[in-house]
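Participant: A structural model of the following input is requested.
(chains A, B, C, D and E, ligands or ions: 5)
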Amino acid sequence: MPQPTFLARHGQALAFALMVAFFALAPLFVYPVYLMKVMCFALFACAFNLLIGFCGLLSFGHAMFLGVAGYAAAHAAKVWALTPELAVLFGVACAALLGLVSGLLAIRRQGIYFAMITLALAQMVYFFFLQAPFTGGENGLQAVPRGRLFGLVDLARPGAMYGFVFAVFLAGFLLVWRIVHSPFGQVLKAIRENEPRAISLGYEVDRYKLLAFVLSAALAGAAGATKALVFQLAALPDAHWAMSGEVVLMTLLGGLGTLLGPVVGAGAIVMMHNHLAHLDSWVMVIQGVIFAVCVLAFRRGVVGEVAQRLRVPL
Amino acid sequence: MDIFGIPSQALFGQLLIGLINGSFYALLSLGLAIIFGLLRIINFAHGAQYMFGAFIAYLLLHKAGVGYWWALLLAPLTVGALGAVVERLMLSRLYRVDHLYSLMLTFGLGLIVQGVFLSEYGSSGQPYPMPAQLSGGRNLGFMFMPYYRVWVIGFSVAVCVAAWLLIERTRLGGTLRAANENPTLVQAFGINVPRMLTLTYGAGAGLAALAGVMAAPIYQVGALMGTELIIVVFAVVVIGGMGSLLGSILAGFGLGLAEGLTKVFYPEAANTVVFVLMALVILAKPNGLFGARN
Amino acid sequence: MREARAGQQPLLAIEGLHAFYGESHVLHGVDLQVYPGEVVAVLGRNGAGRTTTLKAVMGLMGRAKGSIRLNGAQLLGLAPHDIARHGIGYCPEERGIFASLSCEENLLLPPRLAAGGMGLDQIYALFPNLRERRASPGTRLSGGEQQMLALARILRTGARLLLLDETSEGLAPVIVQAIGRAIRQLRALGFTLVMVEQNFRFAAPLADYFYVMEGGRMVQGFATAQLAAHMDMLHTQLGV
Amino acid sequence: ADSDPVKIAVLTDMTGFLSSSLGPGSVDAARMAIEDFGGQVLGKKIQFVSADHQNKPDVGLATARKWYESDGVDVIADIGNSAVGLGVQELARNQKKLVFITGASSSVFTDKACTPYGTQWSHDTYMFASSLPAKLARAGEKNWYFVTADFAFGQALEADATRAVNSAGGKVVGSVRHPPNSADFSSFLMQASSAKANVVALANAITDTTNSIKQWNEFQMGGKSQKLVALTLLLNDVRALGLPVAQGAVFSTVWYWDLDDKTRAFSKRFFERNKFMPAEAHAGTYSAVYHYLQSVKAAGTKNADAVRVKMRELPVNDFYSDSVRIREDGRVMRQTYIAQVKAPAESKGPWDLYKILETVPAEQSWRPLSESQCPLVAKKAG
Amino acid sequence: MPYNDYILETRQLVKEFRGFVAVDHVDLRVRRGQIHALIGPNGAGKTTVFNLLTKFLAPTGGSIVFDGRDITASGPAAVARQGMVRSFQISAVFPQLSVLENVRVALQRKLGTTFRFWRSERSLHGLHARAMELLATVELSPHAQRPAAELPYGRKRALEIATTLAADPALLLLDEPTQGMGHEDIDHVTALIAKVAADRTVLMVEHNMGVVERIAHTISVLQRGKVIAEGPYAQVSTDPQVLEAYMGTEHAALPGTRHA
Ligand SMILES: Nc1ncnc2c1ncn2[C@@H]1O[C@H](COP(=O)(O)OP(=O)(O)OP(=O)(O)O)[C@@H](O)[C@H]1O
Ligand SMILES: Nc1ncnc2c1ncn2[C@@H]1O[C@H](COP(=O)(O)OP(=O)(O)OP(=O)(O)O)[C@@H](O)[C@H]1O
Ligand SMILES: CC(C)C[C@H](N)C(=O)O
Ligand SMILES: [Mg+2]
Ligand SMILES: [Mg+2]
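Facilitator: Ligands and ions are numbered 1, 2, ... in the order given. You can find the predicted model right below:
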């Protein structure tokens, strides 16, 4: 029976506990906005990883979900004065809807074709945001109020905001974990491994892929909506293809198809951005080098390599 | 004279400008299609190679006093040679793994090149003069057409046709495609596949650089000049049918014109029209307009 | 090791060949000699290492050591295209038909290595199916047609030494016979052939010399004349 | 805390399409102001940081937030991009920290978006848009068409210019918007030139403006019946265009290095350090930082609320501004100029670019309070 | 005839590829409970017929009736759910899944929880007993925990058969199940097919005449897309047209090319 060995189970739980402990204690030492940014991107990368790591679909347009949810949540909070949890939910819903529409177009193709099509769709969405009146174009939607959670807790307080982001992140992370280890996740893996075979066993593969795509879009949306509240801003770069590239990098660096990889990757990239900000464009060079090194020498990513060494799925 | 309530001057003017943009789309998508069709690599570094070409022209002029015409020869050769080195040292190791990895690698390489130029020259463009022989222009009645832009259209058509004939009308094309599918076997037939792949990638990169030199006098020379353009070109390639050279060329010019038309009739959509068309094409013909194979 | 023929040098001589897939060591000192103009059949169970031996000759094994000489020239260490240029045609076990080329383009793909290859007409006469399907994409051919194509492809090149891996695999009996005839013709034309075969019935009447491979070594070698004497052994070794 | 050293930051476009008139020059101008002040205030060494916002509001805001929230920065200067600046000014209000808009020039900073913590030191779109367009419209150039950079700055410039044209009896027949930092303007210009307008006005800035002008000339657009007007022309733009192309252009400017001995003295020092002459925003940044330090000293505290009051009390006095006041909406009330680009023959050196035609007094340069929508002003009035 | 006599019927089935007729007005009737073999020279259209039946290709003309229902317009997955499941000419397993999971994927569908992304994988453990049972029939039990990729080729084919069986098809379509196998494996798989055919119908493509002779009840011979003969082995194997088209003259009535 595929009962994971005691060690394997232990390892994953331990790693998870470590991660939770880290995010619970870190704000005592580290600038919390920075940590919130890490969590938002980590969730975004987890969502992306759900597609590439577990369905074998490389979306090169995932920023569109981050972006659309950011705008939707910002609009809801700023113009409609919705409470933050509702604003985030609205963002998630919009991302899921966009996921449904773009998924219907994209999932019929595979591999690089899928990547190109998602990229182009995202670009279409990007130009829409650039021109749509409610996004503020290049200026972005600024001065988004963080509001009061459930009308009660004022998120302008850094601690409260942190708690909220932490909760969203954990919920998203656990959902990804559950999806991967669900009957549905099993079918996804089978489809990734051999699509014609899955069809011949009676699976309508497009529907499974579509659901996975929508779930991933929704989770990316949760990240985008939360991020908009943290920074009180929804702006174009979140929907730009460079962001789509960045999430690929985070996931690749952390480890494709590992659960913790995207979190580690997101942390590393955000940290790099922060600490190397004074190097300006060299950040770009360093990112490029990381890409190249990962692809050429390090394909499993940080967490993937560690997992391989310890023989523990992470 | 008005056509559909639009002054003909505006209509023809925008169409001609569209054709100029289309020349760049066609040249760039041709290079991408060559690399994709034969190596199955989505060359994300294409935009950077285009920019690199333009910068070589710029540097040749400012550091060595070498002008446009030599740049038109030297820049593609240099970038092509560098491309060949990259293929030999890095890309060649990825043929065995999922193609997505080579996409990511070229993405990373593009970042490196861009980052270097960005930190050296900043993100704003540097002007590059038109070659003296092509200064001036001609009044077409509906617009004044600078000679340089005429040259751009003419030369890129010529390059596209030549490249297409070379690859599709000779056995080279078939050999390249086969090598892409099963390089070891083609090699076992006595063909030096590694060298062929290296040269192909070099040629694709060289084409990008050629486009870059041609763009320098029009669009200025800047580290980010390739970034946005290349995404449009990806869409062009998808519309033309990935890997189809003819499709890429025709889609390149066609989309330039389509953009021009949109600018006349519904300017707000000019940025998006390529992507909208792409979505429509995928819906109707998932393999693109000319993508018969696969 | 096969005893030397008086006054003749082997065309292909393999000595002490070791080969590896990554860490796994699959050939453990293979010896094999092929004299010009003969048909050699290599028999063995699944996994004995026959395909690996052919691949090693073509330079397709990443790690190999020992010696492989063609007309005295060392092939080991050369790149596959250089090896092929010595005049070897290879028909791989998985056929290697190219999806992106039409049937005829597949046929025309391998470059001519030497004069004396067959013309297209001769080839189509040998395999009429191919003429009919010549414009179809290569992998749209049926399994058997692909097998014919794979064999036909190397006949054009003028290679004098042909390495055939499981040519009768997956073919209808009629076609198997056709291929058998083709091999006889090739032999008559002076080609040298090394056939790796599971199908003993097919190989038996064609070969001049037999090798039996087991666990990465040649365990037996005998000429057709001794075939009858070896039938018992073949029966126990291979179940034929 | 109040006892920490004063920390000054410059947030600007270091390498982008606006950088020639902002960027490294602003950073050094702030440094010069700190050095000239003696390097310390309230007994402590003055600290200084700078960063690139890459013209992205998200990057700029995140940097500003971190500076204010966790790095103890007291004031951010320059910004230089209105889309970024408006967000930072709002953030500064929430954080109760100061911000000096010395590069960004949307007039909204001192209008709807004004805050007690923000002050605007150099050009704004009201100034770029008011005197010249009105003059032209009155002179018979009635029909206007805008080519506008589609972000806060261009939008404000178009709006301000539209108001000026309309009130001078002209009318706006259309506009086309382009993304900031475009490379190819040919199709936008084509659209503009085929409109039935006497004036095609560029409501964009820096490289967008110079590229538009070059391409307009390349296609020989306009002809006799149409003229191209650049609403914003800055020192480095004229340099980039070159006198043969730019000669004769008339435009509003907030400052020029060659106005008088004081400006020349500063500019000479600046040139020696940077190898280029200070542009408008560079001088504004120096002036803002220097005035701030004086106000801190006078207030005896770096507490933002005390300092902002002190800044408005004290007159601004330096080579840039001669006894100038800061209005309640944050506007620094300096005079401006109407300048003309010299012909190549008139120019005596690479930086000898302008003839000053006219000096515009402060009251006519900036939006009158009577038209202001600044809540700070309204409160006072009401 | 009563519909339950024939589980599968095609009427005038045609498939053209750009003018090339690969399947030419084929009327195929597969009797319930039989092992029906489809043989024919290479390129005759056997795999294409399989692809048409399982809807991996859309027919150019004609209709397909399966189990009394017209499935001409159905999709491939729907046909599989109705009970017609195929194996592939080139072995198709899920390489990174364990052998057990390979089979479980097929069993899982019937549970109806395949879209439940919020449920635990543990809800699938109930299927393990059945999966092990199926693995036992193909002698793969010792390998249950290994990734399928590690299996040797012959074992992969066996796994594929087990997986196909797990889908519990009424009609099993096997495309050259013994191709690439050694002698022992061939015998083994032949026996297995005969065994599983006890309570279901099998339609198989096979070049190995030994196998066909041993277990097929009815044989249809395809040539150039047309059925040229049909009947039991004894009848078909002596049909002169079949001999010429398929068996070849030298080996008239030859019992399978692999069997010496
Ligand atoms: N790519 C590979 N990686 C690792 N081991 C391999 C690989 N290919 C073959 N082998 C192993 O090498 C040994 C020899 O294989 P080879 O393909 O040469 O056998 P063969 O005699 O041709 O058998 P077959 O009848 O199956 O084709 C076998 O044990 C096989 O499992
Ligand atoms: N998708 C396709 N496009 C074009 N031609 C095709 C396609 N699929 C099959 N064909 C052609 O149809 C014919 C029948 O092919 P099929 O694969 O059905 O043969 P088969 O009977 O299974 O042969 P084998 O025993 O060799 O596997 C062949 O000539 C093949 O070239
Ligand atoms: C004049 C320029 C320095 C103004 C700048 N473009 C802005 O955003 O306000
Ligand atoms: Mg073999
Ligand atoms: Mg077949």
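Participant: and the longest helix for chain C?
Facilitator: Criterion DSSP state H: the longest helix present in chain C is helix C:173-188.
Participant: Name all residues that make contact with residue 27.
Facilitator: Here I'm looking at chain A. Residues near residue A:27 by C-beta atoms under 8 Å, 6 or more residues apart in numbering or on different chains: A:35, A:159, A:162. Yep, even glycine has a C-beta here, placed from its N, CA and C like the rest.
Participant: Chain E is the one I meant
Facilitator: By C-beta under 8 Å, 6+ apart, residue E:27 lies in contact with E:9-13, E:227.
Participant: Give me the PyMOL select line for these, limited to the buried ones.
Facilitator: Buried residues within the contacts of residue E:27, by 16 or more other C-beta atoms under 10 Å in any protein chain shown, are selected in PyMOL with:
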select buried, chain E and resi 9+10+11+13+227
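Participant: hang on, isn't residue B:215 packed against residue B:24?
Facilitator: Yes - using C-beta atoms under 8 Å, residue B:215 is in contact with residue B:24, at 6.1 Å.
Participant: which residue does the stretch 201-314 of chain A bring closest to ligand 5?
Facilitator: Nearest residue of the stretch 201-314 of chain A to ligand 5 (C-beta to the ion) works out as residue A:201 at 20.3 Å.
Participant: now swap in chain E and tell me
Facilitator: Ligand 5 sits closest to residue E:47 of chain E, with a gap of 3.1 Å, by C-beta to the ion.
Participant: do the same with the stretch 1-150 of chain D
Facilitator: Taking C-beta to the ion, ligand 5 has its nearest neighbour within the stretch 1-150 of chain D at residue D:58, 57.2 Å off.
Participant: Same question for chain C.
Facilitator: Closest to ligand 5 within chain C is residue C:143: 4.7 Å, counting by C-beta to the ion.
Participant: Report the spatially nearest residue to that residue, omitting neighbours in sequence.
Facilitator: Of all residues not flanking residue C:143 in the chain, residue C:170 sits nearest, at 5.0 Å (C-beta to C-beta, 6 or more residues apart in numbering or on different chains).
Participant: Kindly tell me how buried the one you found is, as a neighbour count.
Facilitator: Residue C:170: 20 surrounding residues under other C-beta atoms under 10 Å in any protein chain shown.
Participant: From residue E:228, how far out is it?
Facilitator: Separation of residue C:170 from residue E:228 (C-beta to C-beta, to the nearest Å): 21 Å.
Participant: how about residue E:202, phi and psi?
Facilitator: Dihedral pair for residue E:202: phi -130, psi 130, per degrees, to the nearest 10.
Participant: That one contacts residue E:175, doesn't it?
Facilitator: No - when contacts are counted by C-beta under 8 Å, residue E:202 is not listed as touching residue E:175 (11.7 Å).
Participant: need the contact list for residue E:228.
Facilitator: Applying C-beta under 8 Å, 6+ apart, the residues contacting residue E:228 are E:221-222, E:241-242, E:245.
Participant: Tell me which two in those residues are the farthest apart.
Facilitator: The span of the contacts of residue E:228, defined through C-beta to C-beta, is set by E:222 and E:241 at 12.0 Å.
Participant: And these two? Which one has more around it.
Facilitator: Each of residue E:222 and residue E:241 has its neighbours counted (other C-beta under 10 Å); residue E:222 has more, 27 against 12.
Participant: and the longest helix of chain C, anywhere near ligand 5?
Facilitator: No - if you take C-beta under 5 Å from the ion as the test, helix C:173-188 misses ligand 5, and the best it gets is 12.9 Å.
Participant: packing partners for that helix?
Facilitator: If you count contacts as 3 or more C-beta pairs under 8 Å, 6 or more residues apart in numbering or on different chains; DSSP states H and E, helix C:173-188 packs onto helix C:120-126, helix C:143-155, strand C:192-196.
Participant: tell me the angle that helix makes with helix C:143-155.
Facilitator: With axes from the mean of the first three to the mean of the last three C-alpha atoms, to 10 degrees as the basis, helix C:173-188 and helix C:143-155 are set at 10 degrees to each other.
Participant: just to revisit the earlier point, nearest to residue E:207, of the helices and strands packed on helix C:173-188?
Facilitator: helix C:143-155 (8.4 Å).
Participant: for the residue in the stretch 51-200 of chain E that chain D sits nearest to, what are its contacts?
Facilitator: Of all residues in the stretch 51-200 of chain E, the one sitting closest to chain D is residue E:117 (32.2 Å; C-beta to the nearest C-beta). Applying C-beta under 8 Å, 6+ apart to residue E:117 gives the contacts A:178-179, A:182, A:184-185, A:211, A:215.
Participant: so which of these comes closest to residue A:113?
Facilitator: Of all those, residue A:211 has the smallest distance to residue A:113: 20.3 Å, by C-beta to C-beta.
Participant: ok but that closest one is inside a strand, no?
Facilitator: No - secondary structure of residue A:211 (DSSP: H, G, I helix; E, B strand; the rest coil): helix, not part of a strand.
Participant: Touching, it and residue E:116? I think so.
Facilitator: No - using C-beta under 8 Å, residue A:211 is not in contact with residue E:116, being 10.5 Å away.
Participant: any residues in contact with both of these two?
Facilitator: Here residue A:211 and residue E:116 have residue A:184 as joint contacts, going by C-beta under 8 Å, 6+ apart.
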